[in-house]
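**Q** coords below, sequence missing:
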């Protein structure tokens, strides 16, 4: 039987980096949807 691996990762240690990454992912997602919408209008 394998023992569970104990994670030493602490969110608090990387809080600012995680928040910045989430902001960047959200920005790219919104910009992508805007581009797709513009492309949809071009091909109607």
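**A** On my side now, so go ahead. All values derive from a computational prediction rather than experimental measurement.
**Q** Pass me the low-pLDDT residue ranges in this structure, would you?
**A** Residues of the chain meeting the criterion pLDDT under 70: 1.
**Q** Can you show me the helices along it?
**A** 15-42 (DSSP state H).
**Q** which residue is nearest the centroid of it?
**A** Central residue of the chain (C-alpha atoms, centre = their mean): residue 25, 3.6 Å from the mean position.
**Q** so who does that one touch?
**A** Going by C-beta atoms under 8 Å, 6 or more residues apart in numbering, residue 25 touches no other residue. From N, CA and C alone the C-beta is placed, and that goes for glycine too.
**Q** Can you give me the separation between it and residue 18?
**A** Remark: distance between residue 25 and residue 18 (C-beta to C-beta, to the nearest Å) = 11 Å.
**Q** chain center to stretch 12-29, what's the gap?
**A** Relative to the chain's own centre, stretch 12-29 is displaced by 7 Å; criterion: C-alpha atoms, centre = their mean, to the nearest Å.
**Q** cool, stretch 21-34 as well?
**A** Distance of stretch 21-34 from its chain centroid, counting by C-alpha atoms, centre = their mean, is 8 Å.
**Q** likewise stretch 33-44?
**A** Chain-centre distance of stretch 33-44: 23 Å, with C-alpha atoms, centre = their mean.
**Q** re the thing from before, any idea how far residue 31 is from the residue nearest to the centre of the chain?
**A** Counting by C-beta to C-beta, the gap from residue 25 to residue 31 is 11 Å.
**Q** same thing with residue 3?
**A** From residue 3 over to residue 31 the distance is 45 Å, taken as C-beta to C-beta.
**Q** Looking at those two, which is more packed in?
**A** When residue 3 and residue 31 are compared for neighbours, residue 31 comes out ahead with 10 against 5, by other C-beta atoms under 10 Å.
**Q** State the distance from that one to residue 41.
**A** Counting by C-beta to C-beta, the separation of residue 31 from residue 41 is 16 Å.
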